[in-house]
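Peer 1: The amino acid sequence is not available; the structure is as follows:
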């Protein structure tokens, strides 16, 4: 049998495909924000004293081992039975990803936080800053700079993991592809398109995270980073000019 | 514990009031005790220099003054307020934030914040510690940079500064909080030899302005020059201390051996 490939199907269903990608990115983005917050807290717990550090270590080791497919079924069907709440598919996807990726990001942040020299914290404390402010303004920004490339990889992983949420009926890329395939019977064409979408998304995410990474290096590297830093530099220059004007110095 | 309590340190400057009083300071890491009951008094306007071999506990002693090292025993009094474990009494202790807002510290490794510009290295802690508005903190930071001759470098990041410039920014940062006493922990030890001079120059200026200073240093010529009171430490104890002229008048063989080896 000679197969005929109807490549035009991709263009015909472009809106459906892009909507699927949009859903995948939305779920991943919300989950990433939550995972970073959870990851930082878990990393701090992991670095604190027992028994808190043991609990954090146990959580991290357990949830790094759970596949996304199991996680989402557990949350969507299991939790709703247990708690009597029924999550939307979007919510279930976000929770499932956050449970897993919070554990990964905790380890990323732990190594990043440990890489910050002790003197940074000591200098902040010696300047009369509270521990919380030293963490928030001195240690965390520097650790985040170290963590960013790995968080980018995690985000790409999250977007790909959304593909298994097709089992709970989330209208992401794979679910959309299945739906179109069920009426057109063109799996090769349609799944090629799906794969292409994931790859393009991965490239775009990589590009964005590189830009963020460069803008966080100080001094900033590259044109985008410089543009993002322009405001900060102009503020400092204005402060200097104002000071010189006020004191009559040249 | 308070061995030899009324020592020369109390008699040396009767009119200057005590800014820092350490009494019977003991500090252990695990089973290893590194300070074995040390007393030190620093008076208003005085420049105390501390020197001694590596591992003698001089940096640890300095760091107990702003509680970066919490002593296991002993009294840390700054401007009359007890911040340490104290001497047995149930005296009310001041908090570390209150203490550190009156004590400036300069580190061997500068410890500038690499993600902030020179200006923000100064302004950010000021806003946090002194609750200044952004505009006031910026202004104070600019004034501090001007004081060390680096106002033109305000927009630069620590990575763009030479070691000497970085240490001068660090000094400006500590000064911006308007401290009552400045602590220097080997401030020139991490610098290339040709950059030591500019940092010592700033410190000399500061000394001449009457700032109370405690300096741990290996720069003995500088110590001899600015030191009003000299302290020689070894193995967690003050071996010998004395006023100006100490380098000539010291009597302990260990002090003499150290000075002979280093000078």
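Peer 2: All right, it came through fine. In this text the structure is predicted, and so the values were computed from the model without any measurement.

Peer 1: From now on I want contacts and neighbour counts done on CA atoms only, so please keep to that.
Peer 2: OK.

Peer 1: residue nearest the centroid of the chain?
Peer 2: Since you didn't name a chain, this refers to chain A. Closest to where the C-alpha atoms of chain A average out (Cα atoms, centre = their mean) is residue A:32, at 3.4 Å.

Peer 1: Chain B, not that one
Peer 2: Centre-nearest of chain B using Cα atoms, centre = their mean is residue B:183, 1.5 Å out.

Peer 1: Correct me if wrong: that residue contacts residue B:105.
Peer 2: Yes. Using Cα atoms under 8 Å, residue B:183 is in contact with residue B:105, at 4.6 Å.

Peer 1: Give the residues shared as contacts by these two.
Peer 2: Residues touching both residue B:183 and residue B:105 (Cα atoms under 8 Å, 6 or more residues apart in numbering or on different chains): none.

Peer 1: What is the burial count for residue 35?
Peer 2: No chain was given, so I picked chain A. 28 (other Cα atoms under 10 Å in any protein chain shown).

Peer 1: was after chain B, sorry
Peer 2: The burial count for residue B:35: 25, using other Cα under 10 Å.

Peer 1: and the stretch 1-150 of chain B, which of its residues are near chain A?
Peer 2: B:66, B:68, B:96-101, B:103-105, B:107, B:109, B:111-116, B:119, B:125, B:128-129, B:138-139, B:142-143 (Cα under 8 Å from any Cα of the partner chain).

Peer 1: Just those: which are in strands?
Peer 2: Judged by DSSP state E, the residues of the stretch 1-150 of chain B next to chain A include B:103-105 as members of strands.

Peer 1: top of those by neighbour count?
Peer 2: residue B:105 (29 neighbours).

Peer 1: which ones are touching that residue?
Peer 2: A:123, A:126-127, B:171, B:174, B:182-185.

Peer 1: How about residue A:209?
Peer 2: Per Cα under 8 Å, 6+ apart, neighbours of residue A:209: A:148-149, A:152.

Peer 1: circling back: could you report the separation of the residue nearest to the centre of chain A from residue A:163?
Peer 2: Per Cα to Cα, to the nearest Å, residue A:32 is found 16 Å from residue A:163.

Peer 1: From residue B:113, how far off is the residue nearest to residue A:39 when sequence neighbours are not counted?
Peer 2: Excluding its sequence neighbours, the residue lying closest to residue A:39 (Cα to Cα, 6 or more residues apart in numbering or on different chains) is residue A:106, at 3.9 Å. Distance from residue A:106 to residue B:113, counting by Cα to Cα: 24 Å.

Peer 1: and what of residue A:188?
Peer 2: 54 Å.

Peer 1: So between the two, which is more surrounded?
Peer 2: residue B:113 (24 against 13).

Peer 1: So what's the residue count around the nearest residue to that one once chain neighbours are set aside?
Peer 2: Leaving aside its chain neighbours, residue B:113 sits nearest to residue B:121 (6.1 Å; criterion: Cα to Cα, 6+ apart). Other residues lying near residue B:121 total 24 when counted by other Cα under 10 Å.

Peer 1: and the longest helix for the chain?
Peer 2: I'll assume chain A. Ordering each helix of chain A by length in residues (DSSP state H) puts helix A:14-47 first.

Peer 1: Chain B was what I was after
Peer 2: Assignment by DSSP H gives helix B:193-208 as the longest helix of chain B.

Peer 1: Flag every buried residue along that one.
Peer 2: B:195-196, B:198-200, B:202-203, B:206-207 (16 or more other Cα atoms under 10 Å in any protein chain shown).

Peer 1: What helices and strands are in contact with it?
Peer 2: The contact analysis (3 or more Cα pairs under 8 Å, 6 or more residues apart in numbering or on different chains; DSSP states H and E) places helix B:193-208 against helix B:163-175, helix B:220-226.

Peer 1: Now do the SS call for the spatially most distant residue from the centre of chain B.
Peer 2: Within chain B, residue B:135 marks the point farthest from the mean C-alpha position, 29.3 Å out by Cα atoms, centre = their mean. With DSSP: H, G, I helix; E, B strand; the rest coil as the basis, residue B:135 sits in helix.

Peer 1: Near chain B, which residues of chain A are found?
Peer 2: Within chain A, the positions adjacent to chain B are A:119-120, A:122-130, A:133, A:138, A:141-142, A:216-219, A:233, A:236-237, A:239-240, A:243 by Cα under 8 Å from any Cα.

Peer 1: Just the buried ones from these?
Peer 2: Using 16+ other Cα under 10 Å, the buried ones in the residues of chain A next to chain B are A:119-120, A:122-130, A:133, A:138, A:141-142, A:216-219, A:236-237, A:239-240, A:243.

Peer 1: from those residues, which ones fall inside helices?
Peer 2: Using DSSP H, the subset of those located in helices is A:119-120, A:122-126, A:133, A:141-142, A:216, A:236-237, A:239-240, A:243.

Peer 1: and which of those is nearest residue A:10?
Peer 2: Nearest to residue A:10 among those, counting by Cα to Cα, is residue A:216 at 38.7 Å.

Peer 1: Just list the residues touching the nearest residue to the closest one once chain neighbours are set aside, thanks.
Peer 2: Closest residue to residue A:216 apart from its sequence neighbours, by Cα to Cα, 6+ apart: residue A:145 at 6.0 Å. Applying Cα under 8 Å, 6+ apart to residue A:145 gives the contacts A:213, A:216-217.

Peer 1: can you redo those residues as CSV with pLDDT?
Peer 2: Output for these, formatted as CSV (pLDDT from 0 to 100):
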residue, pLDDT
A:213, 89
A:216, 85
A:217, 85
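
Peer 1: how about these in CSV, adding distance to residue A:13?
Peer 2: What follows is these, written out as CSV (distance: Cα to Cα, whole Å):
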residue, distance to residue A:13
A:213, 35
A:216, 39
A:217, 42
